[in-house]
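J.: pasting a predicted model and its sequence here:
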Amino acid sequence: MEEQKERTRKGHKVISVCVISRQNVPKYMKIYEENASAYLSGCKDHGLSKYVEGLLFDSLDYMNMMDSVNKHGDVTNDGSGYLGCFYSTDEVDMFAVVSRTDLKVVLMMPTGALYARVKLVLSRIQTSLVEAMMNPFLDLELPVRSGRFESHVDTLVRNLE
């Protein structure tokens, strides 16, 4: 356990990046398997993808509650839609930014990692998502399938780590 905490403190390891629609349906999910298997003990029992999805869905009520509070001005609101760390477990912290159209970008990282640039990375992922969705032939109800978007997300995650 101490070894895991020490590894966590040393860097910004991203476990997963997700985009969730207004209806709480995943539109994009990328799991960084090496980081996930290093930090998530429960994934060995349930399978990596199912475990990450379970954590994500467990967190949605908290995200929606935080977003609602944020939109109604009950907390400091800088207009960015940044929710900060809205959900935390013994293993992960989840950060999110919510667009004005209720698209949610979620970054899952190990608990205790250094989070200095998370807000900037989420904002840039959100901007890249908007650019990917500006394609007039894109069906907004379908998952995001854009090589350019995925490449940009990977670059941002590498720069964060």
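T.: Sure thing, it's come through.
J.: tell me where this protein has strands.
T.: 16-20, 26-31, 82-88, 92-98, 104-110 (DSSP state E).
J.: could I get those in TSV, plus columns for distance to Leu140, mean pLDDT and mean neighbour count?
T.: Backbone N, C-alpha and C define where each C-beta goes, glycine included. Formatted as TSV, those follow (distance: least, Cβ to Cβ, whole Å; pLDDT from 0 to 100; neighbours: other Cβ atoms under 10 Å):
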stretch	distance to Leu140	mean pLDDT	mean neighbour count
strand 16-20	12	94	23
strand 26-31	9	92	19
strand 82-88	22	86	19
strand 92-98	16	91	23
strand 104-110	15	92	26
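J.: quick one: closest of those to Lys119.
T.: strand 82-88 (5.2 Å; Cβ to Cβ).
J.: could you dump the closest one to PDB, C-alpha only?
T.: Listed in PDB are the C-alpha atoms of strand 82-88, where the atom choice follows Å, rounded to 0.1, in the frame of the first residue of the first chain:
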ATOM      1  CA  TYR A  82     -15.200  23.300 -13.700                       C
ATOM      2  CA  LEU A  83     -16.500  21.100 -10.800                       C
ATOM      3  CA  GLY A  84     -13.100  20.200  -9.400                       C
ATOM      4  CA  CYS A  85     -12.800  16.900  -7.600                       C
ATOM      5  CA  PHE A  86     -16.400  15.900  -7.400                       C
ATOM      6  CA  TYR A  87     -16.000  12.300  -6.400                       C
ATOM      7  CA  SER A  88     -13.300  10.400  -4.500                       C
END
